[in-house]
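>>> A predicted structure for the sequence below; I have some questions about it.
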Amino acid sequence: MFAYTVRRVLATIPVMAIVALFVFSLLYLAPGDPAAVIAGDQATPQDVERIRASLGLDRPYLVRFGEWAFRIIQGDLGVSIFTNLPVTTMIAQRIEPTLSLMVITLCLAVCIAIPMGVIAAWKQGTIIDRAVMGFAVLGFSVPVFVVGYVLAYVFALELDWLPVQGYTPFARGFWPWLENLILPAIALGGVYIALIARITRATMLEVLQQDYIRTARAKGVGQKGVLFLHALKNAAVPIVTVIGIGIALLIGGAVVTESVFAIPGLGRLTVDAILRRDYPVIQGVVLLFSFVYVLVNLVIDLAYTLFDPRIRY
Amino acid sequence: MQRRDLMKSAAIGAAAAALPRFAIAQPAGNRVVKFVPQANLTSLDPIWTTANITRNHGYMVFDTLYGMTADFQATPQMAEGHVIEDDGKSVTITLRPNLRFHDGEPVRAADCAASVKRWMKRSPIGQKLETFTDAVEAVDDRRLRFRLKRAFPMLIQALAQVSNSPPFIMPERLANTDAFTQIREAIGSGPFRFKADEFNSGSRVVYEKNANYVPVASGTPSLTAGPKTPHFDRVEWEIIVDAATAAAALQTGEIDWYEQPNPEIQTMLRRNRQLVIEEIDPLPLTGILRFNHLHPPFNDKKLRQALLPAISQADFMSAVVGPDPSVYGVDVGLFTPGTPLANDAGLAPLRGPRSLDRAKALMREAGYTNQPMRLIAPTDILAPSAMSQVGADLVQRLGFNTDAVFADWGTVVQRRTSREPVERGGWSMLFTSFSSFDFVDPAAHFPLRGNGTQAWPGWPTIPRLEELRDAWFLAPDLAAQQVIAREMQTIAMDELPYIPVGAYKSLTAIRRDLTGRVKGMALFWNLRRA
């Protein structure tokens, strides 16, 4: 297991290198010129050239890539073209809100979706099952930003229960931190809940047909025991896989959610950087996201061993 | 209903009733004002970039030697006064005593000289001033002297410039930074201090009151002139990109001022009695249709002129601000309506009934033979996007072989610098808008330049416009300037470096209990909570 983990961690290096090359090349080829944005309307072509030179954007592709890659190896993601701040500082400023949003959403989704899926499978064909599946369809169908606006309208504007926007760092207290995240987490969690609930239901239905479930029942195990101890544990592998895949959804959804609820997270940072053509920031954030994906996949693979003793690395 | 259910309902109801206490509306009378600006503050250097948001940041942190009143009079701000000698070739400005930067250092004439020199490298009027200047030097700590090759009547006016870029005074060590390289600190002597430790670009910008700031003793607050008194201990700029979210936050009291709500949002906010929707600037912004003069089809003057009978300024402006004619203007020429140089010379082709047929006939006369043309337009900036959609529809109805390319602003800014013909990725036409300050006079009026490849994208070559611009800088008085402005407009409406497509007012939404706002832009001195 340890050797496997080390091998997987080492395997992230070529993956990250390919991602780095791809991102750098894509940005190099993409239209847009930060120097022109900075120079403003009155700038002469010479002014734009001077800014481009001062930013090092006039040098050949290979030189720029080489310098950037060398810095990355040293852990230096560069400096933002616009804010003049180190990219690592900007990421550090933004990581807590995004991480908080994702953790709350994940907890919310798992706590709601798995029981929903289990109950739907248990009550297959009943009104409860249909209601759960109806919710799942709704969760998939309604865009995150629509849910966000509706929640903000009802719970912030009309009822005045929760703030419309913003983020309060955890250091300033648990409730101020949480109250800013409740609506965004519900909005973002909708799709996720729907996804996990459907997978849980489908997997549970399959497991509940197995002989060992019949045996458990014959031995006199109660319904809760059958569902949560015997069936759910055996259905866990696909559910955990979906939770992992869903983290990708969360990162994508966080961009929209952070915009709607004005949360200063990595999603907003990415969009702003793309719109401004702030290349070092885009490159840094995409590398970070790629690393997170790789890491999540590793954690999921390792988690399989907890649920299925037959899996060994 | 069973008793247990009843108890559950009661508990839920009680919890619901308790929840409103968690709402985070601003307590009345506090010393913090929260503001949603028009854009994110990305750069802290108002000389390095001309973004309006950075200019507004500049006015928070920095001060200027002279301020500008709403009727465009330059009045002393950091300066105590000035003396003009040697037939205007020597101008000596004396600083007010006891001016200090936010780091505690005194403001010296050497700081001002370095700041002015850096500004002259980037500002259009500054660049002009530089050509007249032999030296800008500190006579002593309080006296700054311009030694000029010849008199430059616009000197004091230039030092009071409000836009693109104002000559902000910063410490010499910062001002010595190359004008094309960004400064790393925001230390000025203005009414508010920048809180670098709380700056999170894309999220929040915080300023605190400069308790040591001494406003000018006399005068009335007007635009950037007169006493600047900071009343709030903290000014927090909250960057909220989503209009609906910003509007909701304003309604719940989470923020106090939303700089640029779009027209649909304004309609909703007008229903809230705690809010006031008003002009942020009494003067309007001007929308323009810019031609590329380098390549067909619009390198042909007759084809540019052919569009005039079809241009309805009301159509363009309605698309930007809605149908209410009180917030837009038509019959708009080259200079900002309501300012001294605005005039009606050459505007006849934009008046009277609009006619597509007449425009089509002129296109035929001009010999248009279905050459391809490309309109480039942003999707993420409200006014240019709206005008471009009207424009794209118009040129298609006129029968132009049109390729309308809508992209994000970053892409448009780059594509418009391309001087290639259409078939090699170039462009033919674009729409954009300029602030009232940009079109007040010819100094910073980029689209009015006729200096060919050195001009703003579109690159018209109209030597007479350049001659008149040079003459304007040396005009002895307003009457002479107005004569020049009329001639410039006459020539421009014939040559058509661009077509003005109307003017519109930018409205802002602010809590009713905030009073004393200085109009013109997002300024925070003298603002207080009633």
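Thanks, I have the structure now.

>>> where do the helices sit along the stretch 351-500 of chain B?
Assigned helices in the stretch 351-500 of chain B, in chain order: B:356-366, B:382-398, B:409-415, B:463-474, B:478-495 (criterion: DSSP state H, counting those that start in this stretch).

>>> please produce JSON lines containing these, extended by distance to chain A and mean pLDDT.
For glycine as for every other residue, the C-beta is placed from the backbone atoms N, C-alpha and C. JSON lines is the format used below for the helices of the stretch 351-500 of chain B (distance: least, C-beta to the nearest C-beta, whole Å; pLDDT from 0 to 100):
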{"stretch": "helix B:356-366", "distance to chain A": "29", "mean pLDDT": "97"}
{"stretch": "helix B:382-398", "distance to chain A": "12", "mean pLDDT": "96"}
{"stretch": "helix B:409-415", "distance to chain A": "4", "mean pLDDT": "80"}
{"stretch": "helix B:463-474", "distance to chain A": "13", "mean pLDDT": "95"}
{"stretch": "helix B:478-495", "distance to chain A": "17", "mean pLDDT": "97"}
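
>>> state the pLDDT value of A:L295.
A:L295 is assigned a pLDDT of 86 by the prediction.

>>> skipping its backbone neighbours, what lies nearest residue 34 in space?
In the absence of a named chain, chain A is used. Of all residues not flanking A:P34 in the chain, A:R277 sits nearest, at 4.3 Å (C-beta to C-beta, 6 or more residues apart in numbering or on different chains).

>>> you looked at the wrong chain, it should be chain B
Closest to B:K34 by C-beta to C-beta, 6+ apart is B:I255, at 4.3 Å.

>>> so that neighbour sits against B:E238, correct?
Yes. With contact defined as C-beta atoms under 8 Å, B:I255 counts as touching B:E238 (5.9 Å).

>>> wait, what's in contact with the residue nearest to A:P34?
A:27, A:30, A:32-34, A:37, A:81, B:410 (C-beta atoms under 8 Å, 6 or more residues apart in numbering or on different chains).

>>> now, of those residues, which are buried?
For these, a burial check counting by 16 or more other C-beta atoms under 10 Å in any protein chain shown picks out A:27, A:32-34, A:37, A:81, B:410.

>>> how far away is B:A158 from chain A?
14 Å (C-beta to the nearest C-beta, to the nearest Å).

>>> what are the phi and psi values for the residue lying closest to B:N56 once chain neighbours are set aside?
Excluding the flanking residues, the one nearest B:N56 by C-beta to C-beta, 6+ apart is B:A522, at 4.9 Å. Backbone torsions of B:A522, given as degrees, to the nearest 10, read phi -80, psi 90.

>>> helix, strand or coil for the closest residue to A:F261 other than its chain neighbours?
Once flanking residues are discounted, A:F261 sits nearest to A:P184: 4.4 Å by C-beta to C-beta, 6+ apart. Under DSSP: H, G, I helix; E, B strand; the rest coil, the three-state class of A:P184 is helix.

>>> give me the neighbour count for A:P184.
Residues contacting A:P184 under the criterion other C-beta atoms under 10 Å in any protein chain shown number 31.

>>> would you confirm that it contacts A:S259?
No. Look at A:P184 against A:S259 with C-beta under 8 Å: they stay out of range, at 10.4 Å.

>>> identify the residue nearest the closest residue to chain A within the stretch 51-200 of chain B in space, chain neighbours excluded?
Residue of the stretch 51-200 of chain B nearest chain A, by C-beta to the nearest C-beta: B:F180 (4.5 Å). Using C-beta to C-beta, 6+ apart and skipping residues adjacent in sequence, the residue nearest B:F180 is A:R50, 4.5 Å away.

>>> and the helix or strand that that neighbour is a member of, average pLDDT?
Secondary-structure element containing A:R50, defined by DSSP states H and E: helix A:45-55. Taken as a whole, helix A:45-55 has an average pLDDT of 77.

>>> now do stretch B:280-294
pLDDT averaged over stretch B:280-294 gives 96.

>>> list the buried residues for it?
In stretch B:280-294, counting by 16+ other C-beta under 10 Å, buried: B:280-281, B:283-294.

>>> outside of the helix holding A:R50 itself, list whatever touches it.
Residues contacting helix A:45-55 (C-beta under 8 Å, 6+ apart): A:33-36, A:38-39, A:43, A:58, A:81, B:122, B:178, B:180-181, B:417, B:453-454.

>>> can you check stretch B:266-277 too?
Contacts for stretch B:266-277 (C-beta under 8 Å, 6+ apart): B:247, B:250-251, B:253, B:258, B:261, B:322, B:507-513.

>>> buried subset of the contacts of helix A:45-55 as a PyMOL selection?
Selection command for PyMOL covering only the buried members of the contacts of helix A:45-55, criterion 16+ other C-beta under 10 Å:
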select buried, (chain A and resi 33+34+35+36+38+39+43+81) or (chain B and resi 122+180+417)
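
>>> show me the contacts for the most centrally placed residue in chain B.
Using C-alpha atoms, centre = their mean, the residue of chain B that lies closest to the mean C-alpha position is B:S435, 4.2 Å off. Contact partners of B:S435, counting by C-beta under 8 Å, 6+ apart, are B:52, B:163, B:281, B:285.

>>> go through those residues and flag which are in strands.
Within those, residues falling in strands by DSSP state E are B:L285.

>>> okay if I get the contacts of B:S435 as a markdown table plus distance to chain A?
Formatted as a markdown table, those follow (distance: C-beta to the nearest C-beta, whole Å):
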| residue | distance to chain A |
| --- | --- |
| B:N52 | 10 |
| B:S163 | 10 |
| B:D281 | 18 |
| B:L285 | 13 |
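
>>> what is the burial count for the residue nearest to B:E105 when sequence neighbours are not counted?
Nearest residue to B:E105 in three dimensions, chain neighbours excluded: B:P171, at 6.3 Å (C-beta to C-beta, 6+ apart). By other C-beta under 10 Å, 22 other residues sit near B:P171.

>>> do A:V142 as well
Neighbours of A:V142 using other C-beta under 10 Å come to 15.

>>> how close does it get to B:N40?
Look at A:V142 and B:N40: by C-beta to C-beta, to the nearest Å, they are 29 Å apart.

>>> again with B:G458
B:G458 is 28 Å from B:N40, by C-beta to C-beta.

>>> one more: A:N84?
14 Å.

>>> just B:Q182 next, same as before
16 Å.

>>> could you do B:I510 as well?
20 Å.

>>> residues touching residue 260, list them.
Just going to use chain A. A:144-145, A:148-149, A:152, A:184, A:187, B:242, B:244-245.

>>> ah, I was thinking of chain B
B:38, B:280, B:506-508.

>>> what about 6 Å?
B:Q38 (C-beta atoms under 6 Å, 6 or more residues apart in numbering or on different chains).

>>> so what pLDDT did it get?
Confidence score, pLDDT, at B:Q260: 93.

>>> again with B:L19
44.

>>> returning to that earlier point: who's more crowded, A:N84 and B:N40?
In this view A:N84 and B:N40 are compared by other C-beta under 10 Å, and B:N40 has more residues nearby, 21 against 18.

>>> is it correct that the more buried one is in contact with B:R204?
No. The pair B:N40 / B:R204 is not scored as a contact, 10.4 Å apart, by C-beta atoms under 6 Å.

>>> quick one: contacts for B:N212?
B:R100.

>>> so it, which of the three states?
coil.

>>> no further queries at this time; thank you.
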